[in-house]
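> Could you look at this predicted model? Sequence included:
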Amino acid sequence: MAARGIADSRINVVQGSRRARLTMRTIGIGYLLLLLVIPVITVFIKAFEDGAANAWETITSPEGMHAFWLTLVMVVVSVPLNTIFGVVCAIVLVRHKFRGKALINSLIDLPFAISPVVVGLALMLVFNQRDGWFGPWLADHGIRVLFSPIGMIFATVFVSMPFVVREVVPVLQEIGDDQEQAARTLGANGWQTFWRITLPSIRWGVTYGVVLSTARALGEFGAVAVVSGKISGVTETLPLYVSKQYETFNVSGAYAAAVLLALLGLATLFAMNLIERGGRKRDQAITNTGHTPGTGLSRGEETR
Amino acid sequence: MSSVGHIEAPPKRVHMPRFGGAALSRGFVITYLSVLVLIPIAALAVRSTEDGWDGFWTAVSHPMAVDAIILTILASLAVVVINAVMGTLLAWVLVRDDFPGKGILNSLIDLPFALPTIVAGLVLMALYGETGVLGIEGISFTIAGVILALLFVTLPFVIRAVQPTLMELDLEMEEAAASLGARPFTIVRRIILPNLAPAILAGSALAFARAVGEFGAVALISGNIPGKTQVAALFIYSRIESGDMSGATAVSVVLLAISVSILFGFHMINRWSTRHGR
């Protein structure tokens, strides 16, 4: 009796009374259904409202295909740049000591906090050909940044910059530099230490950051809208194409293109969950070798 | 840190050369950041001072600019309050409650981060817009639509900030309180919420920063009506389109100031909560 009473009160403390628990669960799930789930499903239905033919046509039109390819170009150029920067920057922030480190640390987060439109405007002030800081000089040398894919890459790199850094920094802090030091004492040079020790232990953090950067690069709208000039078939990415279709009253076409983007987004979400579930846990088991309760020593011992 | 590592680590470890040379990688990071972030932001700041203080003030105090800034702040505040309440509630449901499908629900939370913002806006239009399928009055071109779009894109911030704190929360405190006769409501108010407060604040700060600058999600749903649904980001965009760089720059600088102070506040909250130990 007494034991059961204690067990009951424990459940009550952890989960609240049954009624309170059910109420909160209902409110929570209802909120998510109304805000996320049902609207996303609706888009999929609406995309095919005017028939699959129109949806297909909108996506496979020359402008649609060009938008799709340009979006991929944005990802393929900006994500590797930010990945290299992200890894180097994380190492610099965690392993080096120098003045101005705090400044760099807070600058990294700025792209998260600044409005994409402001980013676009700032780039415009630097690169416009009339009175920009570098625009006229670049124009003299035949380089056009604004209203061209180059400017759009600048915008995409800007907005997706912090992801890899922010994912790798905590991992580097957690693993410490004991193993790196050991490798160096055994005669490994900097590159060997990086490739054999550092990179393998941060790989899941890097992967997660890459996935987040990819999602952002795919979907960037505000910054790219400002610097691209939104020229159909030239500087139009998929998100710009979606908004153009909507504004020109091809609503179901806009939904169709949006579904394509949403599928890319859902794939990203799926990848995020896979990494979260598989990679990160294994990472912790390897790097923490017995420090984290629950991961167990045995797996850590195996990896030694 | 194992004690073995301390013994073996040579005292000269700080002087050890790093990957490819410390100076090289440091130089790369600083150059990259300067070209991509510092120079554009400096250009923005310099441009805003070109017309002098009077020019800046005239541009910012333009009625449409004032409306846009006030609307942005009010809408973002509303969004942050709803997020703080619903986010904490959802985090609690995801951590403490148990029911079939919880795992799926948990992974859905990140959907707004994965979905392009223009799609987020369109998604809400599809359901709640003028031709909404629910049959309720359309919310497109209203402030409710703007707030809904902002709620969508800021959903994960508070939840993802509160979840880990709630998981680490020591149950013994709650049990002790309960055994001393505290009612559930008292436990929530006196024990759970005070412990979660830093996490809720941190998540809210990030949500606010995001809401203040959001463009893609509100671009379609708002209808861009000055004084009614035209938030600051939309105002800036309209000004750029019409070639009024002074107006665009002035309001951008205001947004930038808000972003930077929120970021500063966020770092302060983080430092405070780590210093006071969880």
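Perfect, I can see it now.

> Single out the residue in the stretch 151-278 of chain B that lies closest to chain A.
Using C-beta to the nearest C-beta, the point where the stretch 151-278 of chain B gets nearest to chain A is B:G213, with a distance of 2.8 Å. Every residue, glycine included, has its C-beta placed from N, CA and C.

> May I ask you to confirm that that residue is in contact with A:A113?
Yes: counting by C-beta atoms under 8 Å, B:G213 does reach A:A113; the two are 7.3 Å apart.

> more neighbours, these two?
B:G213 (28 against 25; other C-beta atoms under 10 Å in any protein chain shown).

> what does the model give the nearest residue to that one once chain neighbours are set aside for pLDDT?
Excluding the flanking residues, the one nearest B:G213 by C-beta to C-beta, 6 or more residues apart in numbering or on different chains is A:S115, at 2.8 Å. The predicted local distance difference test score for A:S115 is 94.

> burial of the residue lying closest to A:L238 once chain neighbours are set aside, as a residue count?
Beyond its immediate neighbours in the sequence, the residue positioned closest to A:L238 (C-beta to C-beta, 6+ apart) is A:T71, lying 4.4 Å away. Per other C-beta under 10 Å, the neighbour tally for A:T71 reads 27.

> For A:T71, give me its contacts.
Taking C-beta atoms under 8 Å, 6 or more residues apart in numbering or on different chains as the criterion, A:T71 is in contact with A:L218, A:T237, A:L238, A:P239.

> so what's the nearest residue to B:G223 once chain neighbours are set aside up against?
In space, not counting the residues next to it along the chain, B:G223 is nearest to B:F141; the distance is 3.3 Å by C-beta to C-beta, 6+ apart. In this structure, B:F141 makes contact with B:E130, B:I221, B:S222, B:G223, B:I225, B:K228, B:T229, judged by C-beta under 8 Å, 6+ apart.

> Quick one: buried ones out of the residues you listed?
Burial by neighbour count, 16 or more other C-beta atoms under 10 Å in any protein chain shown: within these this picks out B:I221, B:S222, B:G223, B:T229.

> roughly how far is stretch B:147-157 from the heart of the chain?
In terms of C-alpha atoms, centre = their mean, to the nearest Å, the gap separating the centre of stretch B:147-157 from the centre of its chain is 9 Å.

> Kindly report the same for stretch A:188-199.
The gap between where stretch A:188-199 is centred and where its chain is centred comes out at 27 Å by C-alpha atoms, centre = their mean.

> What residue spans form the domains of chain A?
Under the assignment named as automatic domain parsing, the residue ranges that make up the domains of chain A are A:1-47, A:52-302.

> Ramachandran angles for the closest residue to B:G227 other than its chain neighbours?
Once flanking residues are discounted, B:G227 sits nearest to B:D67: 4.5 Å by C-beta to C-beta, 6+ apart. In terms of degrees, to the nearest 10, the main-chain angles of B:D67 are phi -60, psi -50.

> distance of B:D67 from A:T60?
43 Å (C-beta to C-beta, to the nearest Å).

> Would you mind telling me which of the two has more residues around it?
When neighbours are counted by other C-beta under 10 Å, B:D67 comes out ahead of the other of B:D67 and A:T60, with 17 against 10.

> Which element, helix or strand, includes the residue nearest to A:L238?
Secondary-structure element containing A:T71, defined by DSSP states H and E: helix A:62-95.

> Downstream of that helix, the next helix or strand is which one?
Following the chain from helix A:62-95 toward its C-terminal end, the next helix or strand by DSSP H and E is helix A:101-113.

> Quick one: residues in contact with the helix or strand just after that following helix.
Next helix or strand after helix A:101-113 toward the C-terminus (DSSP H and E): helix A:116-127. Counting contacts by C-beta under 8 Å, 6+ apart, the residues outside helix A:116-127 that touch it are A:111, A:132-135, A:138, A:145-146, A:151, A:154-155, A:158-159, A:220-227, B:39-41, B:43-44, B:47, B:213, B:215-216, B:233, B:236-237, B:240, B:245, B:248-249, B:252, B:255-256.

> Inside strands: which ones of those?
Residues of these located in strands (DSSP state E): none.

> Please identify every residue contacting each of B:G213 and A:A113.
Between them, B:G213 and A:A113 share the contacting residues B:S259, judged by C-beta under 8 Å, 6+ apart.

> B:I262: neighbour count?
Tallying neighbours of B:I262 according to other C-beta under 10 Å, which is how burial is gauged here, yields 21.

> The stretch 101-250 of chain B: helices as residue ranges?
Along the stretch 101-250 of chain B, counting by DSSP state H, counting those that start in this stretch, helices occupy B:102-108, B:111-114, B:117-128, B:143-168, B:171-179, B:184-187, B:193-213, B:216-221, B:232-241, B:245-275.
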